[in-house]
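Colleague: Next one to model:
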Amino acid sequence: QVQLVESGGGLVQAGGSLRLSCTASGRTASGYAMGWSRQAPGKEREFVARIWWSNENTAVADSVKGRFTISRDVGKNTVYLQMSRLEPEDTAVYYCNFLAYGPETSWGQGTQVTVSS
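Modeller: Residues are numbered from 1 along each chain as shown. All right, here's what the predicted structure looks like:
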């Protein structure tokens, strides 16, 4: 089992920045990628970004491309989401996820990001 601990959410004004962190622990040996999804009130959870362990390739949703950057620290089993030029539409609960061969996906508890206009 993989445990995920997220941090870094909060309240920020439009145009501001936040950095989310997510650290994985437990049975992480079979993992191959980590990422972030988000869910706004009344909406379905949507993909935000992903980074692969083997080659650091990344994928970012079109809605956040150019504003959000995903990165990782392999030694710390940690993934970061640097969010810049935040917009009110970015307000959501952000969930970290860990992808492992199996396949198996683990999810964090979520961290709230609120962007005020």
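Colleague: Could you grab the helix/strand/coil label for Arg38?
Modeller: Taken by DSSP: H, G, I helix; E, B strand; the rest coil, the conformation at Arg38 corresponds to strand.
Colleague: neighbours around it, how many?
Modeller: 23 (other CB atoms under 10 Å). Every C-beta, even on glycine, is put in place using the N, C-alpha and C of the backbone.
Colleague: which residues does it contact?
Modeller: Listed by CB atoms under 8 Å, 6 or more residues apart in numbering, the contact set of Arg38 reads Arg45, Glu46, Val48, Asp90, Ala92, Val93, Tyr94, Tyr95, Val113.
Colleague: Mark which of those residues are part of strands, please.
Modeller: Glu46, Val48, Ala92, Val93, Tyr94, Tyr95, Val113 (DSSP state E).
Colleague: Which residue, other than its chain neighbours, is closest to the fourth one?
Modeller: This means Val93. Closest residue to Val93 apart from its sequence neighbours, by CB to CB, 6 or more residues apart in numbering: Gly110 at 4.2 Å.
Colleague: partner residues bridging the residue positioned nearest the centre of the chain?
Modeller: Against the mean C-alpha coordinate of the chain, by CA atoms, centre = their mean, the closest residue is Trp36 at 2.6 Å. Assessed by DSSP bridges, Trp36 has beta-bridge partners Ala49, Cys96.
Colleague: Any figure for the gap between it and Phe47?
Modeller: Distance, Trp36 to Phe47, using CB to CB, to the nearest Å: 8 Å.
Colleague: Now Thr23: which helix or strand?
Modeller: Under the criterion of DSSP states H and E, Thr23 resides in strand 18-26.
Colleague: Give me the sheet partners of that strand and which way each runs.
Modeller: Neighbouring strands of strand 18-26 in its sheet, by DSSP bridges, are strand 2-7 (antiparallel), strand 78-83 (antiparallel).
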